[in-house]
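*Asks:* Requesting a structural model of the entry that follows:
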Amino acid sequence: MGTTQLESVPEPKYWHLRTVLSEALDSEFSVGEVLPNERELAARFGVARATLRQALEQLELEGRLQRRRGVGTTVAPPRMGVAVGTEQHDWPGTAGDAWQSVDCTHAVPPAAVAAALESGSEEAVHIVRRSRTGNGQQVAAELLYVPAASVPDLTAIDAPSGPARARAVLRELQRLELEGRERSVELGSARADDAKELDRLPGAPVLVVTTRFVTRGRTAAISVATYRADTCRLTFGDSGGMEIHHGPERQAS
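*Replies:* As a prediction, this is how the structure comes out:
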């Protein structure tokens with residue numbers, strides 16, 4: 001990796017350094033390769049470590065780099081395409097579903113979810129936790145909220161908890177006729193539990209996809225899926241791939 005003089009550049013130093021580093025990633029590094037440490041990079045480019053960190057953070061937001069605990073900063077693989085198009089009309093857990101069931105609990109959902117489900121504020125629902133992997137790492141985590149009214153024939157005899165219980169909830173849900181689903185996407189910050197599950201730092205950018213499943217004119221279930229923004233790009237409908245560019249970070253509701 002070469003050096004460059006930054007003193008006379010009119011644009012912010014970190015942005016120019018980001019451009020230089022990006023070019024180096026294309027020509028000198030391969031996917032998964034670990035970059036030199038911050039001290040070496042700062043000395044090589046003649047910049048303060050604070051400037052270097054800004055450039056590295058920008059490249060991480062753009063999906064070019066990944067910071068992995070215990071490993072360091074590595075070159076990220078291409079973003080994984082995640083289809084969220086409205087042309088799909090299947091229940092979660094049907095054939096071809098890329099998600100893996102992890103667990104199922106019975107608890108009171110967040111107030112916003114309870115309101116959308118039109119359930120009582122203290123009414124417990126089934127909460128199915130699922131995960132999605134890509135390129136050998138977990139890239140998304142999902143919480144699927146299912147009220148008891150949507151799965152009235154579910155019993156706790158055979159599988160009171162765990163992945164088997166989660167699959168049982170999904171099977172019962174699939175007995176209903178799905179009329180449609182509505183989806184919204186927003187950029188947010190990883191909460192502590194999401195960050196731990198996705199191997200990210202709290203506050204890291206994430207994409208939150210909320211899906212409302214409708215049957216018989218009512219909300220039968222709500223999915224809140226959190227995707228790593230550095231490894232995923234979302235595709236919509238028949239318009240082809242569309243990458244989500246990172247703007248100013250805001251909290252997801």
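
*Asks:* isn't Thr231 right next to Gln66, touching?
*Replies:* Yes: counting by Cβ atoms under 8 Å, Thr231 touches Gln66, with 7.4 Å between them. For the C-beta atoms, the positions are set from N, CA and C on the backbone; glycine is no exception.

*Asks:* what do these two both touch?
*Replies:* Ala76 (Cβ atoms under 8 Å, 6 or more residues apart in numbering).

*Asks:* pLDDT of the longest helix seen in the chain, averaged?
*Replies:* Across the chain, the longest stretch assigned as helix under DSSP state H is helix 13-28. The average pLDDT within helix 13-28 is 90.

*Asks:* Kindly report the same for stretch 92-100.
*Replies:* 86.

*Asks:* Is the residue nearest in space to the middle of the chain bridged to anything, and to what?
*Replies:* With distances taken as Cα atoms, centre = their mean, the residue of the chain nearest its centroid is Tyr227 (0.7 Å). Per DSSP bridges, the residues bridged to Tyr227 are Ala140, Leu207.

*Asks:* The helix or strand just after the longest helix of the chain versus helix 13-28: what angle between them?
*Replies:* With elements assigned by DSSP states H and E, the helix or strand that comes after helix 13-28 is helix 38-45. With axes from the mean of the first three to the mean of the last three Cα atoms, to 10 degrees as the basis, helix 38-45 and helix 13-28 are set at 100 degrees to each other.

*Asks:* helices or strands up against helix 38-45?
*Replies:* The helices and strands touching helix 38-45, judged by 3 or more Cβ pairs under 8 Å, 6 or more residues apart in numbering; DSSP states H and E, are helix 49-61.

*Asks:* how does it look with 10 Å?
*Replies:* helix 13-28, helix 49-61, strand 72-75 (3 or more Cβ pairs under 10 Å, 6 or more residues apart in numbering; DSSP states H and E).
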